[in-house]
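**Q** Below are the sequence and a predicted model; questions follow.
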Amino acid sequence: MSSSRSNFGETGDRGRAAVWVPALAVPLVAPLTLAASPVQAVTRATTPVPCPVTEVGQPQATCASLAEPEAPIAAAETTDRADLTFATANVSTGEAIGLERTLGGLSWLLIALGTAPLAMTAALWLGRRKVVNHLVQSVRHSLKDLGDLEARVKLARHRADRSLQDLQDQVERTKTSAAALIHELETHVAAVKGTANQELTQFQERLASDRRVSRHQIAELEKEFISNMQILAGQADRQKAHIIQEFTQKAPQELLALIQPQIQQELRTLVEQLVSLQMQQMPMLAPTALPANADNIADRAEQLFRNGDPEGALAEYDKAIEQQPDCYAAWWGKGVVLEALQRYPAAIAAYDRAVRLKPDSYESWHNRGLVLMRLGKFEEAATSYHQAIALNPNHPELWLHQGLILSKLQQTDQALKSYNQAISLNPDSHEAWYNRANALARLQRPQEALQAYDRAIELNGQNASAWHNRGIVLTQLGQFAAALSSYDQAIDLDRADPETWYSRGNVLVRLDCYPEAIESYNQAIALNPQHERAQRNHSLLSDRLAQEAAALQTG
């Protein structure tokens with residue numbers, strides 16, 4: 001809209017319109033005025049000037065009344081047309097005034113008719129301006145709402161950014177906690193592995209001792225049996241000689257008379273049995289001669305190993321193998337000694353030879369699986385334990401060790417099944433309960449894991465790792481006070497474990513015990529100066545305490 005149109009309704013334009021409207025009426029009134037009589041002209045001279053018009057086209061005040069006309073002059077009435085021309089000259093003053101008023105009314109009528117389009121235009125303009133003002137107000141209100149909306153969008157964006165940052169912080173904390181848990185579990189698995197290896201060594205020693213005793217018992221039984229057979233053979237020889245001597249002292253006729261047919265048959269049967277017994281004595285002694293020597297050497301090697309001389313035992317096993325290359329006991333014992341000396345590849349080779357010599361020996365498959373697990377060859381170790389369990393499915397330690405290998409292979413569900421089988425075969429195995437609890441914790445089943453840890457601790461209360469892991473599960477369940485008690489118990493059993501101190505510091509933070517938490521972090525850092533998580537938590541907690549102290553001083 002142009003400026004000329006927008007200012008049409010201002011005072012100046014309205015004034016010009018008021019002056020222009022009477023001027024417009026002048027040409028319209030002029031013809032009528034010319035037709036008026038001199039009397040009318042005189043009378044018009046006495047008519048007051050129209051009142052000034054206001055800015056809106058209305059009079060400012062009531063105009064002065066017209067001057068009173070003089071008294072009418074009487075005139076003779078006539079009907080002649082010739083007198084009509086002069087009749088107007090004789091019209092009374094009253095009639096002249098009436099005619100003037102009529103002409104004035106007609107003039108104002110013409111003025112009104114002339115100004116009607118202008119009034120309508122002004123009215124339309126005013127209506128348009130009102131509509132425009134309304135639209136302007138609506139636009140301003142919309143712009144105000146848009147500004148409020150923009151402010152709300154900015155506020156929502158700020159809140160979303162803050163929520164995203166909080167979520168990222170929570171994700172980082174979760175990653176840190178998961179990494180800590182994984183490290184803790186790996187540490188405890190390593191500890192369990194060491195304990196298991198120690199117990200396995202003891203078991204192997206007991207097994208070797210039992211085997212040696214059994215071998216000696218068998219040898220003694222063999223000797224006793226051979227001695228008894230030799231005694232029986234001697235008695236049979238003496239009886240045979242006595243009978244022969246008696247027969248030689250008698251005549252054949254007497255012999256035939258003395259021996260009945262039934263006795264003759266019995267004598268023939270006895271002679272056949274004696275001959276057969278003498279023939280069986282040599283085959284029994286011959287094959288046991290060479291293995292007995294190799295076994296004796298293996299026994300000496302085993303005794304040296306138990307007396308703390310693994311190198312001497314290894315040399316004796318080599319002698320036994322040199323004397324008898326297919327001696328299973330020598331190869332098996334050599335594998336045990338090499339495993340104790342941590343010569344794992346050579347131990348694997350010895351166990352492989354033992355397995356080839358005696359494929360149905362679950363002990364060789366068992367030991368072979370342990371060495372493969374120490375070498376990190378978990379797939380091969382799992383295969384070896386599968387063979388051992390197939391040969392002896394009722395051995396709980398085989399299931400336990402298979403569970404450990406499956407855990408290394410991240411097959412936690414299968415590992416849990418192996419631990420359950422081990423527990424079903426030996427319900428009092430604290431190692432099986434402990435490892436079962438670890439598997440349940442990895443499977444995010446904390447309540448069941450807590451029950452398994454309690455059972456493991458009930459069977460062996462000196463297991464610091466079980467107390468530690470129990471504290472971790474209690475922390476996950478939100479039982480912070482009980483978790484702190486569990487960590488304290490673990491520290492009483494093993495004060496040199498930095499992970500326990502670190503976990504204790506974390507639960508103290510949850511309990512708002514900040515000074516004690518800092519002390520626990522200090523202990524973890526002192527035991528392991530490279531403990532980055534303890535250092536980071538210690539730094540964050542120290543900064544927080546410093547900020548709170550500064551806020552208190554400022555307040």
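**A** Done, it's in. In this text the structure is predicted, and so the values were computed from the model without any measurement.
**Q** switch to C-alpha atoms for all contacts and neighbour counts from now on
**A** Noted.
**Q** for the stretch 251-400 of the chain, which spans come out with low pLDDT?
**A** 251-293 (pLDDT under 70).
**Q** Helices of that one, start to end?
**A** 252-258, 261-306, 310-323, 328-340, 344-357, 362-374, 378-391, 396-408 (DSSP state H, counting those that start in this stretch).
**Q** Adding distance to residue 177, write the ones you listed out as CSV.
**A** Shown next, in CSV, are those (distance: least, C-alpha to C-alpha, whole Å):
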stretch, distance to residue 177
helix 252-258, 103
helix 261-306, 45
helix 310-323, 44
helix 328-340, 37
helix 344-357, 35
helix 362-374, 28
helix 378-391, 27
helix 396-408, 20
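**Q** For residue 152, find the nearest of those helices.
**A** Shortest distance between residue 152 and those, using C-alpha to C-alpha, is found for helix 396-408: 52.6 Å.
**Q** List the contacts of the closest one.
**A** Outside helix 396-408, the residues that touch it by C-alpha atoms under 8 Å, 6 or more residues apart in numbering are 366, 370, 373, 378, 381-382, 385-386, 388-389, 412, 414-419, 421-423, 425-426, 431-432, 435, 439.
**Q** let's see it at 6 Å
**A** Residues from elsewhere that reach helix 396-408, judged by C-alpha atoms under 6 Å, 6 or more residues apart in numbering: 415, 418, 419, 422, 425.
**Q** now, which of the residues you listed lie within strands?
**A** The members of these all map outside strands under DSSP state E.
**Q** Mind checking the helices of the stretch 251-400 of the chain for the one nearest to residue 134?
**A** Each of the helices of the stretch 251-400 of the chain has some distance to residue 134 by C-alpha to C-alpha; the shortest is helix 396-408, at 77.4 Å.
**Q** Put the alpha carbons of that closest one into PDB.
**A** Output of helix 396-408 as PDB, limited to C-alpha atoms (Å, rounded to 0.1, in the frame of the first residue of the first chain):
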ATOM      1  CA  PRO A 396      33.500 -84.600  38.000                       C
ATOM      2  CA  GLU A 397      36.900 -83.000  37.400                       C
ATOM      3  CA  LEU A 398      36.600 -83.700  33.700                       C
ATOM      4  CA  TRP A 399      33.300 -81.800  33.600                       C
ATOM      5  CA  LEU A 400      34.800 -79.000  35.700                       C
ATOM      6  CA  HIS A 401      37.800 -78.500  33.400                       C
ATOM      7  CA  GLN A 402      35.700 -78.700  30.300                       C
ATOM      8  CA  GLY A 403      33.600 -75.900  31.700                       C
ATOM      9  CA  LEU A 404      36.700 -73.800  32.200                       C
ATOM     10  CA  ILE A 405      37.700 -74.300  28.600                       C
ATOM     11  CA  LEU A 406      34.200 -73.500  27.300                       C
ATOM     12  CA  SER A 407      34.200 -70.300  29.400                       C
ATOM     13  CA  LYS A 408      37.500 -69.300  27.600                       C
END
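**Q** angle of that helix against helix 378-391?
**A** 150 degrees (axes from the mean of the first three to the mean of the last three C-alpha atoms, to 10 degrees).
**Q** Next, count neighbours for residue 400.
**A** Counted with other C-alpha atoms under 10 Å, residues neighbouring residue 400 total 26.
**Q** again with residue 408
**A** 17.
**Q** ok, residue 185 - contacts?
**A** No contacts exist for residue 185 under C-alpha under 6 Å, 6+ apart.
**Q** can you tell me which of the helices of the stretch 251-400 of the chain comes nearest to residue 176?
**A** Short answer: helix 396-408, nearest of these by C-alpha to C-alpha, at 21.3 Å.
**Q** Now do that closest one against helix 362-374, angle only.
**A** Orientation check (the same axes, to 10 degrees): helix 396-408 against helix 362-374 gives 20 degrees.
**Q** List the buried residues of helix 396-408.
**A** 396-408 (16 or more other C-alpha atoms under 10 Å).
**Q** Quick one, which of the helices of the stretch 251-400 of the chain gets closest to residue 98.
**A** Of the helices of the stretch 251-400 of the chain, nearest to residue 98 by C-alpha to C-alpha is helix 396-408, at 127.3 Å.
**Q** Show me what the mean pLDDT comes to for whichever strand or helix holds residue 172.
**A** Residue 172 belongs to helix 93-249 when elements are defined using DSSP states H and E. Helix 93-249 shows a mean pLDDT of 72.
**Q** any chance of the contacts of helix 396-408 in CSV, with pLDDT, neighbour count and distance to residue 525 too?
**A** Compiled in CSV, these are given as follows (pLDDT from 0 to 100; neighbours: other C-alpha atoms under 10 Å; distance: C-alpha to C-alpha, whole Å):
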residue, pLDDT, neighbour count, distance to residue 525
415, 93, 25, 34
418, 94, 23, 37
419, 95, 28, 35
422, 94, 28, 38
425, 94, 16, 43
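**Q** Farthest pair within those residues?
**A** Across the contacts of helix 396-408 (C-alpha to C-alpha), the longest gap, 15.5 Å, separates 415 and 425.
**Q** which residues touch stretch 463-477?
**A** Contacts for stretch 463-477 (C-alpha under 6 Å, 6+ apart): 188, 446, 483, 486, 487, 490, 493.
**Q** repeat that for 7 Å
**A** 188, 434, 446, 450, 453, 457, 480, 482-484, 486-487, 489-490, 493-494, 500, 507 (C-alpha atoms under 7 Å, 6 or more residues apart in numbering).
**Q** Mind checking which of these are buried?
**A** With neighbours counted using 16+ other C-alpha under 10 Å, those contain these buried positions: 188, 434, 446, 450, 453, 457, 480, 483-484, 486-487, 489-490, 493, 500, 507.
**Q** Pick out the most distant pair among those residues.
**A** Farthest pair in the buried ones among the contacts of stretch 463-477, by C-alpha to C-alpha: 446 and 493, 23.4 Å.
**Q** Show me which of the buried ones among the contacts of stretch 463-477 is closest to residue 343.
**A** Comparing every one of the buried ones among the contacts of stretch 463-477 with residue 343 (C-alpha to C-alpha), the shortest separation belongs to residue 188, at 24.5 Å.
**Q** Tell me the spacing between residue 168 and residue 175.
**A** 10 Å (C-alpha to C-alpha, to the nearest Å).
**Q** Likewise for residue 143?
**A** Here the distance between residue 143 and residue 175 works out to 47 Å (C-alpha to C-alpha).
**Q** Residue 301 now?
**A** Where residue 175 is concerned, residue 301 sits at a distance of 53 Å (C-alpha to C-alpha).
**Q** what about the two, which has more around it?
**A** Ranked by neighbour count (other C-alpha under 10 Å), residue 301 and residue 175 place residue 301 first, with 28 against 12.
**Q** Not counting sequence-adjacent ones, nearest residue to that one?
**A** residue 313 (4.1 Å; C-alpha to C-alpha, 6 or more residues apart in numbering).
**Q** Let me see the contact set for the one you found.
**A** 301, 302, 304, 305.
**Q** from the residues you listed, which is closest to residue 133?
**A** residue 305 (109.6 Å).
**Q** Would you mind measuring from the closest residue to that closest one other than its chain neighbours to residue 334?
**A** In space, and not counting its chain neighbours, residue 305 is closest to residue 313: 5.3 Å by C-alpha to C-alpha, 6+ apart. In this view, residue 313 and residue 334 are 8 Å apart by C-alpha to C-alpha.
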